[in-house]
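[1] Next one to model:
(chains A, B, C and D)
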Protein chains: 2
Amino acid sequence: MATIKDIARESGFSVGTVSAVLNNSNMVSDETREKVLSVIEQLNYTPNRVARNLRKNETKTIGVIVPDITNPFFSQIIRSIFNIAYKNDYLLMQLDSNESQRIGEDEVKALINQRVDGIILIGDIVSENFLANELQSKNIPFVVIERDYTNFDGPTFLVDTVKGGYLATKHLLDFGYKTVGVISGPIEQKSFYSSLGRLEGYRRALNDYGLPFDEQLIQQSDFTFDGGYQAMMKFISTDRIPRAVFAFNDLMALGAVEAIKNSGLLVPQDVAIVGYDDIPEAAYSFPALSTIRLPKKRLGEKAITELLDILKGQPIERKKIILDVDLVVRGSSGIFNSN
Amino acid sequence: MATIKDIARESGFSVGTVSAVLNNSNMVSDETREKVLSVIEQLNYTPNRVARNLRKNETKTIGVIVPDITNPFFSQIIRSIFNIAYKNDYLLMQLDSNESQRIGEDEVKALINQRVDGIILIGDIVSENFLANELQSKNIPFVVIERDYTNFDGPTFLVDTVKGGYLATKHLLDFGYKTVGVISGPIEQKSFYSSLGRLEGYRRALNDYGLPFDEQLIQQSDFTFDGGYQAMMKFISTDRIPRAVFAFNDLMALGAVEAIKNSGLLVPQDVAIVGYDDIPEAAYSFPALSTIRLPKKRLGEKAITELLDILKGQPIERKKIILDVDLVVRGSSGIFNSN
DNA sequence: CGTTGTTTTTGAAACGTTTCAGTTGTTGTT
DNA sequence: AACAACAACTGAAACGTTTCAAAAACAACG
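    Residues are numbered from 1 along each chain as shown, chains lettered A, B, ... in the order given. This is a model prediction of the structure:
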């Protein structure tokens, strides 16, 4: 492959001049520029990014890690990140942590070795400690999406999960249901944005309607289809099946619907269901799933825009951005009133 | 960040020796190795990949381009590629061509500038010409998945689309249906693997059952949910609605199901449906969709394995690998017999 | 026709590695 | 004690750019 030296030799100018042409420096005469460009054309030369990267100490590359690239929720975020990055002449190095923190931390190290210019962590990729020691203290530019680290106050992009929980619950209560079952994800401190927040919203809605919080109505599950199925089955095996159920993600909601159907019951006539995430499946399932829609695209856009700003040298603002959510009403929550 | 020179200075050895330690050369004494490693540990040194890349003229990076990263079909392939690449110390540079050949070709150029070690093209990313002039003639190592270029006989990984079409059609014919409608994608030469092949399988099945091919029963569409909906509506507005329909992908099949339901008809009682791809939605929809399953994971694994072999210096075999498909029977094709 | 100022071009250093010919040190053999 | 053989280490070149001080070329002026 032709190098800048070949261009210099063939065109009769020095490498410095050729480089100036390549970088549109205005310190080069039009005549020279023409000549150099024509030789470049002729030799089909394209600059070696690796060499440039070494010299400029930047790679025009951003690392992105998600827990599961197969999950449409993440791939939609990634797509919006990619589009903006690409427009700004950045490419994405994209890794999948397989939902494992160990792998995730390994991957962050690999990205640092590669000298990516910045990193975007989506979801639960690394531990608080790792974040502090390997990322913050080493001054690696990075932003976080959909994970709220207690001791990190840098750029974080979240979604109003409490409001989401509130909206979903209120929607069901508005039909007149007096008890609303919950199929939650794992409940631990670190998962505030996936479970605790939604649960808080649920409590507030109950409270606003003067209804009591009943521990019995909470089934803890694991965010999978099967998990949702099992959890719903537990409800069904009970003497008092909740007539309305709020599942903390769509996959579990779909599992719950399946369980209801298999038990000879109808959605929403016997049990009304609301999910969370608005994955594409929600629209195709039958009955189509009422759910909470997150601004996935905007989440990605905000995050990459912020990261690019940081890379441009803008000081890092300590901030957590919380985006709004809304309710999407479809068939699964129906209009049946229990009064 | 510490460099190899810092390690050399601190440990009292030369850069050459430090480098030898880093590369596990056996030309260094155990004692020296220990000392060097301890300094590395102490200074928290990690080698700069960019510099190494420049010197070794390799980047340990593979570029992957898909038409739409949001499509689970592609993201599943990518995941299997990623896993194997990562195990072999390669990272993925992943781009999305937005279904546009112009963008796809642009992206390939960007990857070449970045000096990725190899490229994987999934689906219809670049034109035949571009493939020949920018990839083949420049000796860039690459493999192709799910696109059959007529003039390219290098490593290509396909799926037996004719068999897929045959299986889907035969499945419907086995219920006793005498006419099977088709909702195809765009029919053009380049799209052999998406439409023409399936159509060929369809014809063969009809033929085996002594049934005539009827042009009227083919609705050309565009692989989207809406397209499937519209196409089915056209069938329905006809005097003779086909009692069985084979849609060339699951998205169109789901759209068709929606159209049928909205017309007050039932699946599969009134119209039986078979799709193609086996996307996750197929399992969650109601009724769950019978479809043709492609070995997505194996497709990715075979492709990346081959590419890695090429990068290891193995001669490029001129070959097209065609993987097998199978039929997944679910509710949408039912067991209703029209006899 | 010198002087000054401005524009354009040059040449070499630098980025952080790997590689390899050459040097030094050690051990063994005669 | 001289030499050979081998092991361990060194030092500098090389990878292909960008950057920048310095040189060269040109223009304008008195």
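[2] Could you say which helix or strand holds the residue in chain A that DNA strand C sits nearest to?
    Nearest to DNA strand C, among the residues of chain A, is A:Gly16, at 2.3 Å (CB to the nearest atom of the strand). The way it works is simple: take the backbone N, C-alpha and C, and place the C-beta from them, glycine included. For A:Gly16, the host element (DSSP states H and E) is helix A:15-22.
[3] which bits of chain A sit near DNA strand D?
    Residues of chain A lying close to DNA strand D (CB under 7 Å from any atom of the strand) are A:1, A:3-5, A:15-16, A:19-20, A:22-23, A:45, A:47-48, A:50-52, A:54-56.
[4] Going by residue numbers, what spans are helices in the stretch 151-300 of chain A?
    Applying DSSP state H, counting those that start in this stretch to the stretch 151-300 of chain A gives helices spanning A:161-174, A:197-208, A:225-236, A:250-262, A:280-284, A:296-311.
[5] which secondary structure elements does the helix or strand bottoming out on mean pLDDT in chain A contact?
    Sorting the helices and strands of chain A by mean pLDDT, DSSP states H and E puts helix A:280-284 at the bottom, at a mean of 81. If you count contacts as 3 or more CB pairs under 8 Å, 6 or more residues apart in numbering or on different chains; DSSP states H and E, helix A:280-284 packs onto helix A:250-262, helix B:280-284.
[6] Tabulate these (a markdown table), appending mean neighbour count.
    Below are those laid out as a markdown table (neighbours: other CB atoms under 10 Å in any protein chain shown):
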| stretch | mean neighbour count |
| --- | --- |
| helix A:250-262 | 25 |
| helix B:280-284 | 22 |
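[7] and these, which one's lowest on average pLDDT?
    Among those, helix B:280-284 carries the lowest mean pLDDT, a mean of 81.
[8] re the thing from before, of the residues of chain A next to DNA strand D, select the buried ones using a ChimeraX command.
    If you want just the buried ones from the residues of chain A next to DNA strand D in ChimeraX, going by 16 or more other CB atoms under 10 Å in any protein chain shown, the selection is:
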select /A:4,19,20,22,45,47,48,50,52,54
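[9] Now narrow the residues of chain A next to DNA strand D to whatever sits close to chain B.
    A:47-48, A:50-51, A:54 (CB under 8 Å from any CB of the partner chain).
[10] Which one of these is nearest to A:Gln230?
    Using CB to CB, A:Val50 comes nearest to A:Gln230 of these, at 51.2 Å.
[11] what does the stretch 1-150 of chain A have sitting close to chain B?
    A:46-51, A:53-54, A:59, A:61, A:68-70, A:72, A:75-76, A:78-79, A:82-83, A:86, A:91-96, A:98, A:107, A:109-110, A:112-115.
[12] Next step: the residues you listed restricted to helices.
    Of the positions in the residues of the stretch 1-150 of chain A next to chain B, A:49-51, A:53-54, A:72, A:75-76, A:78-79, A:82-83, A:86, A:107, A:109-110, A:112-113 sit in helices, assigned by DSSP state H.
[13] Pull out the buried residues from these.
    Buried members of these, counted by 16+ other CB under 10 Å: A:49-50, A:53-54, A:72, A:75-76, A:78-79, A:82-83, A:86, A:107, A:110, A:112-113.
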